[in-house]
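K.L.:
What follows is a predicted structure for the sequence shown.
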Amino acid sequence: MTLLLLLAPLAALSQAQEQPGLDLSEPPPSQTSPEKAPLPPPPPGAKPPDAKPSKSRDEAPLAPGERDVALGDRVKAVQLKGFLKRRRLELGLAFPGTVNDAFYEKLGVGGKLAYNFEDSFALAVRGSYFWQIRSAHVREGQAAFSSQILTSRVNGQAMLDGIWSPVYGKVAWLGSKIVHFDMYLLAGLGSVWSATSSTPRGGPFPGGGHAAAEVGGGIRFYPNSWLALDAGVIGTLYPDQPTASAPSTVQKLIVAQIGFAVFFPFSFEYARP
Amino acid sequence: MTTRALNLVVCAAALATLAPRAARGSAADVFEHKVKPVSGQLYQKAGKLELTPLGSISLNDAFFTKYMGGAKLGYHFSEYFSLAVSGLYGTSGTTGSTSVCRTTCQPASSDQLNLVPGEIKWLVGAELAFSPIYGKLNVFAQKAVHFDLYVLGGADLVNYRDVLASLQPGVTPGNATSLGGHLGVGGRIFLARFIALRLELKDVLYSVPHLPRGNLQTQLFAEAGLSFFVPVTRRDGQ
């Protein structure tokens, strides 16, 4: 019996200790909880409370139509953000192609180095190199109109961009796997090198780069903790004078691009208060 | 039972109370006893007809910009696969590339324009679409917007104003029809259970046999339409 008395406090202690980690079960109702406190008697003549059973307190208000889906046993919604970019370095590769020049299409390859100061903001240095493809429309236009089709032959670009990602969401791939995504806008300044850059008519920078500005946007999917798949459209404006006989004009380089980026470090952790 | 045996039983019982409790997986589930938030497909398409009046504009044109209107009728075999037929009819305008500049710039004549391709009159086609992605996002942190994304491909009959091999003043070429195809991507933004905004980008390929070279033409189209799903109710009758 002595041994039993010695062990009793330990047994009580073991009951008090829970499994490591968060117990998210509902706490027992408090005796002093105002919700459980006895209601004061109704004033004379007051309408009695509705006898119909009220909805459970646990049922969160739902948007119209949401209740239908709640009946289905599907994948649970993720409560935390599924991908964090804050304080992570990003190294990306992209494959752009122009969508606004039917005569001289440009295909390229590009790279990007970005640092994410916040989940929603990053600063990126990116560059692209382009190859120009002369389409059949050049010959058709020259034959029909006896014309000389002017083009600014872009060789490459180097830009410094600010990237803002205000929209975050998630998608289901084939109704099962959840993939997170965000949408971004970017804007930046930099330089574009064209065929005229190496001539005396080149731009103000060494090497003849033309000052350029760009805006764009896109969407990125995050299939795992270190990879992003990117698709976007970027429009770059720069002044160029394709031939000496033509006036200098603002050239528009609009590219659609797909690519991917690898994040460093490869994983992330939530910082809990 | 002897006193010694009784003590052993009591000690064993006391030690048993010290044993770690079984993991309470279900109790630690935040969703227990609650309405489970789900990421199921709120707006379902399987087994429904989809009728889409739409408008279309050509992109990246060399000589003619096309403005077309039409409709698409599709049937969703499942949430992921659908088959549709579509028709587009429209008009064209010349692009800035057709300006002929010598001392001054002026629009190209109709005789000159008869030498270049790209003036599409109408298209009819059938396509298969695969929609593996369904998602939602919050707009202004208030309302969840549901959407899906898909890829599509199909065959088309393309009717266009034919081209002349050489400049023939006063001669107007007729229209011609050739077989083509298209590939594209698109998405739906669901506005209600039976209405969705539909956006597509597709590249139409077709041949123009009368061109001396470069017979294969490509034409990029951006389309926007409003989809109506029939029946309105879900498969479970809700």
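P.N.:
In hand now; what should we look at? Numbering: from 1, shown residues only, chains lettered A, B, ... in the order given.
K.L.:
helix or strand for the nearest residue to A:Phe117 once chain neighbours are set aside, which one?
P.N.:
Distance criterion Cβ to Cβ, 6 or more residues apart in numbering or on different chains; nearest residue to A:Phe117, sequence neighbours excluded, is A:Leu123 at 6.8 Å. C-beta: built from backbone N, CA, C; applies to glycine. For A:Leu123, the element it lies in under DSSP states H and E is strand A:121-134.
K.L.:
what's around the residue nearest to A:Phe117, how many residues?
P.N.:
For A:Leu123, the tally of surrounding residues (other Cβ atoms under 10 Å in any protein chain shown) stands at 14.
K.L.:
Next: the one 10 residues further on.
P.N.:
Other residues near A:Ile133 number 13, with proximity taken as other Cβ under 10 Å.
K.L.:
separation between it and A:Ser194?
P.N.:
A:Ile133 sits at a distance of 16 Å from A:Ser194 (criterion: Cβ to Cβ, to the nearest Å).
K.L.:
now B:Ile57
P.N.:
As judged by Cβ to Cβ, B:Ile57 and A:Ser194 stand 29 Å apart.
K.L.:
again, but for B:Arg161
P.N.:
For B:Arg161, the distance to A:Ser194 - Cβ to Cβ - is 35 Å.
K.L.:
of the two, who's got more company?
P.N.:
A:Ser194 (26 against 19).
K.L.:
confidence score at the residue nearest the centre of chain B?
P.N.:
Nearest to the centroid of the C-alpha atoms of chain B, with distances taken as Cα atoms, centre = their mean, sits B:Gly186, at 2.1 Å. Note on B:Gly186: pLDDT of 96.
K.L.:
Who does the helix or strand containing it pair with, and is each partner parallel or antiparallel?
P.N.:
Here B:Gly186, judged by DSSP H and E, is contained in strand B:175-190. Using DSSP bridges, strand B:175-190 pairs in its sheet with strand B:143-161 (antiparallel), strand B:195-207 (antiparallel).
K.L.:
got JSON lines for those, with mean pLDDT too?
P.N.:
Output for the strands paired with strand B:175-190, formatted as JSON lines (pLDDT from 0 to 100):
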{"stretch": "strand B:143-161", "mean pLDDT": "93"}
{"stretch": "strand B:195-207", "mean pLDDT": "95"}
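K.L.:
would JSON lines of the ones you listed with distance to A:Ile163 be doable?
P.N.:
As requested, the strands paired with strand B:175-190 are exported to JSON lines (distance: least, Cβ to Cβ, whole Å):
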{"stretch": "strand B:143-161", "distance to A:Ile163": "22"}
{"stretch": "strand B:195-207", "distance to A:Ile163": "23"}
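K.L.:
Between those strands, which one is closest to A:Glu269.
P.N.:
strand B:143-161 (27.3 Å; Cβ to Cβ).
K.L.:
in the closest one, what's buried?
P.N.:
Applying a neighbour-count criterion of 16 or more other Cβ atoms under 10 Å in any protein chain shown, one finds B:146-150, B:152, B:154, B:156, B:158-161 buried in strand B:143-161.
K.L.:
Check stretch A:137-149 too.
P.N.:
In terms of neighbour count (16+ other Cβ under 10 Å), stretch A:137-149 has its buried residues at A:137-141, A:143-145, A:147, A:149.
K.L.:
Which stretch among the strands paired with strand B:175-190 approaches B:Pro169 most closely?
P.N.:
Counting by Cβ to Cβ, B:Pro169 lies closest to strand B:143-161 out of the strands paired with strand B:175-190; the figure is 16.8 Å.
K.L.:
follow-up on the earlier one: within reach of chain B, which of the buried residues of stretch A:137-149 are there?
P.N.:
Filtering the buried residues of stretch A:137-149 for proximity to chain B (criterion: Cβ under 8 Å from any Cβ of the partner chain) leaves A:137, A:139-141, A:143-145, A:147, A:149.
K.L.:
From those residues, which land in helices?
P.N.:
In this view, these that belong to helices under DSSP state H are A:137, A:139-141, A:143-145.
K.L.:
ok, these vs A:Phe95, which is closest?
P.N.:
Among those, and counting by Cβ to Cβ, the member closest to A:Phe95 is A:His137, at 22.9 Å.
K.L.:
what about B:Arg188, how many neighbours?
P.N.:
25.
K.L.:
Touching, it and B:Asp148? I think so.
P.N.:
Yes. If you go by Cβ atoms under 8 Å, B:Arg188 and B:Asp148 touch, sitting 5.2 Å apart.
K.L.:
Counting by contacts, list what the top strand by length along chain A packs against.
P.N.:
If you go by DSSP state E, chain A has its longest strand at strand A:154-173. Packed against strand A:154-173 by the contact rule (3 or more Cβ pairs under 8 Å, 6 or more residues apart in numbering or on different chains; DSSP states H and E) you find strand A:104-118, strand A:121-134, strand A:177-194, strand A:210-222, strand A:249-264, strand B:120-139.
K.L.:
Okay, now the unreliable bits of chain B?
P.N.:
B:1-6, B:8, B:11, B:13-40, B:139-142, B:214, B:234-238 (pLDDT under 70).
K.L.:
The residue nearest to A:Phe117 contacts A:Ile163, correct?
P.N.:
Yes. Between A:Leu123 and A:Ile163 there is a contact at 7.4 Å, judged by Cβ under 8 Å.
K.L.:
Between those two, which contacts overlap?
P.N.:
A:Ala114 (Cβ atoms under 8 Å, 6 or more residues apart in numbering or on different chains).
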